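Q: Next come a sequence and a model predicted from it.
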Amino acid sequence: MRDAPSEKHQFFRSAGVVAAAVMLSRITGMVREVAMARLFGAGAANDAFLLAFRIPSLVRNLFAEGALSSAFVPVFTRSLATNGKRDAAELSNLVATAILLVVGPLCILGSLFSPQLVRILAPGFEQVPGKFALTVLLSRIMFPFLLLVALAAQAMGALNACGSFGVPALASSLFNVGSVAGGLALGYTVGHGTGHGMIVSMAWGVLAGGCLQLLWQVPSMVRFGFAFRPRIDWNHPGLRQIVRMMGPAILGNAALQINLVVNANLASGITDAAGHVIDGPVSWLGYAFRFMQLPVGLFGVAIAAATLPAISRNAGLQQMDQFRTTLVRSLGTVLLLTIPSSVGLAVMGESMIAAVYQGGRFTAFDTHQTAVALTCFSTGLAGYATLKTLAPAFYALGDARTPMLVSLASIGINLAGSYLMVKRAGIGHAGLALSTAGVAIFGAAALLILLRRRLGGMPLRKLAGSAGKIVAASASMGVVCRLSSLAVHSLGPVGRTGALADVAISIPVGVAVFYAAARLLRIEELEALRAACYTALRNAPRSEVGDPPARSG
């Protein structure tokens, strides 16, 4: 008989489950993006789709997957740990009912006022014939997606609090599969031959994917005893606490999303040398940001999802030493995984984009412009991922005000930076991506400093030492990847085939170099991660992750 796994082992195992599910989600999401790129390229139709989808996505990220999750998970976890499953189920029903009553009418209003929203977010679209009207139509079709994803986010939070990470993490894969399959099926049948038939069908596919994302989690909710039963009690203390936290949490989660909207607004009006508004910048930024979301989701979201329930329990039980330990471990793991990823995206970005997207209506020029945006976005990758962990840490402490203030400051900085990059420096969409990355780094640094003060100290010197070693190992990897890439392109075929060869050769070589350099530098986070992987794969106890020795009994 063996002892139960340690909390550290459980953390890595939970993060690993989420990471695997997120990897599948990002792969299926990439398939969806490839389909869009091949069908529509970076032209007017895809610009319209991305902007239309961004409208409900903005509200989703601010409200559903941002503020709701950040406010709901700590309160629900505390209720489950201290009051039991019955009270937690009551809270779950109250929140789900409130979502229906609030978000449902919001979707109706959003559809009615879509022209005004599109005009605010992308005023340049009106200068391109038909582009504004198409964006409004697509926005009206996709707005109900907000309600579906809000309910899915509430279910995801409840399941995570119960220690179930795989099923909710796989839900986004169901969205990707459903949106592509539903959109293509509709487009090649009833939508075939109609005006804008395929792009409109892909919009309806988004709703099909949203339904699958929600329904996939329903059996698990029932199994854990959280079957939905409508309940209304606006005076319930748990619901009131969630509502109180959500106001500041909406602003606390707003920075990145509002910054992306500002970028889309400015990108929609980028002109050529003759002063004509051009098609492409919105799509280039969208494709690049989607590409960067792979490591953000794979590492940042996965680690944050595993961290939040744990630190919420620590905060509820006043175990602040364990709170600090868990949080610093999470941050170290985030840096270990995201710093080399950012270097890899910057060095290998063009080949990766060409290998995935190039073809059909997505040209080599689109590949290059998307790669430029990706390189700029990648400089802030560690900041993006770190924010995913730091902001929820404040919510676990019952402090939604601090992330809100930092978020508001970030919005102002990005607005000024983006305007200067486009209007003054004239470096177009690359400047927008660079400004967004800089703001992410600022937000992460500010939250880290403030959290350290709030906790009365954190072992940041040790974390900085690890970060320095990770940067050194990543730099070595970057140099080798660049040399390998140059050699492959000089000796091999050109175009997409050459890009595939470069990705297949240079990325494994780079990973091997980083791993060897990290082992040589004895990066502590790598050793803990290796031990946790060994434990999970072999079901063997390891002292490195805090497991007790095996014993018979």
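A: Now that the structure is in, tell me what you want to look at.
Q: How about residue 434: what's its closest non-neighbour residue?
A: Nearest non-adjacent residue to residue 434, counting by C-beta to C-beta, 6 or more residues apart in numbering: residue 376, 4.1 Å away. (Glycine included, C-beta is placed from N, CA and C.)
Q: State the helix or strand in which that neighbour lies.
A: helix 364-378 (DSSP states H and E).
Q: just checking, what packs against that helix?
A: Where contact means 3 or more C-beta pairs under 8 Å, 6 or more residues apart in numbering; DSSP states H and E, helix 364-378 is packed against helix 281-295, helix 320-356, helix 428-455.
Q: check contacts around the nearest residue to residue 38 once chain neighbours are set aside.
A: Nearest non-adjacent residue to residue 38, counting by C-beta to C-beta, 6+ apart: residue 360, 3.6 Å away. Residue 360 is in contact with 37-39, 41, counting by C-beta atoms under 8 Å, 6 or more residues apart in numbering.
Q: picking that back up, the helix or strand following the helix holding residue 376 - what's its average pLDDT?
A: Using DSSP H and E, the next helix or strand after helix 364-378 towards the C-terminus is helix 381-396. Across helix 381-396, the average pLDDT comes to 84.
Q: same question, stretch 261-274
A: Here the average pLDDT along stretch 261-274 is 74.
Q: How about stretch 293-307?
A: Mean pLDDT, computed over stretch 293-307, is 72.
Q: hang on, the earlier thing: worst average pLDDT in the helices and strands packed on helix 364-378?
A: Checking each of the helices and strands packed on helix 364-378, the one with the poorest mean pLDDT is helix 281-295, at a mean of 82.
Q: Please point out which parts of it sit buried.
A: Buried residues in helix 281-295, counted by 16 or more other C-beta atoms under 10 Å: 281-295.
Q: Mind giving me the packing neighbours of that helix?
A: Packed against helix 281-295 by the contact rule (3+ C-beta pairs under 8 Å, 6+ apart) you find helix 7-40, helix 44-59, helix 254-267, helix 320-356, helix 364-378, helix 381-396, helix 428-455.
Q: And whatever helix or strand comes next after the second one, what does it pack against?
A: Going down the chain from helix 44-59, the next helix or strand is helix 69-83, by DSSP H and E. Contact analysis of helix 69-83 by 3+ C-beta pairs under 8 Å, 6+ apart lists helix 85-112, helix 145-161, helix 237-252, helix 302-316, helix 381-396 as its packing neighbours.
Q: do you know which of the ones you listed lies nearest residue 27?
A: helix 302-316 (14.4 Å; C-beta to C-beta).
Q: which helices and strands sit right next to that closest one?
A: helix 7-40, helix 69-83, helix 145-161, helix 320-356, helix 381-396.
Q: residues contacting the residue nearest to residue 434?
A: Per C-beta under 8 Å, 6+ apart, neighbours of residue 376: 430-431, 433-434, 437.
Q: likewise residue 471?
A: Contacts of residue 471 (C-beta under 8 Å, 6+ apart): residue 339.
Q: where does it sit relative to residue 517, distance-wise?
A: In this view, residue 471 and residue 517 are 11 Å apart by C-beta to C-beta, to the nearest Å.
Q: Which neighbours do the two have in common?
A: With C-beta under 8 Å, 6+ apart applied, the contact sets of residue 471 and residue 517 do not overlap.
Q: any idea how far residue 132 is from the residue nearest to residue 38?
A: 25 Å.
Q: To what extent is residue 324 buried, counted in neighbours?
A: 20 (other C-beta atoms under 10 Å).
Q: which residues touch it?
A: 455, 458-459.
Q: what does residue 282 give?
A: By C-beta under 8 Å, 6+ apart, residue 282 lies in contact with 47, 50-51, 122, 264, 267-268.
Q: ok so, going back, a markdown table for the helices and strands packed on helix 281-295, including distance to residue 234?
A: Shown next, in a markdown table, are those (distance: least, C-beta to C-beta, whole Å):
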| stretch | distance to residue 234 |
| --- | --- |
| helix 7-40 | 33 |
| helix 44-59 | 22 |
| helix 254-267 | 25 |
| helix 320-356 | 32 |
| helix 364-378 | 42 |
| helix 381-396 | 21 |
| helix 428-455 | 31 |
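Q: Out of those, which is the most enclosed?
A: helix 381-396 (a mean of 27; mean count of other C-beta atoms under 10 Å).
Q: remind me which residues of the stretch 451-553 of the chain are low pLDDT?
A: Within the stretch 451-553 of the chain, the stretches with pLDDT under 70 are 528, 531-553.
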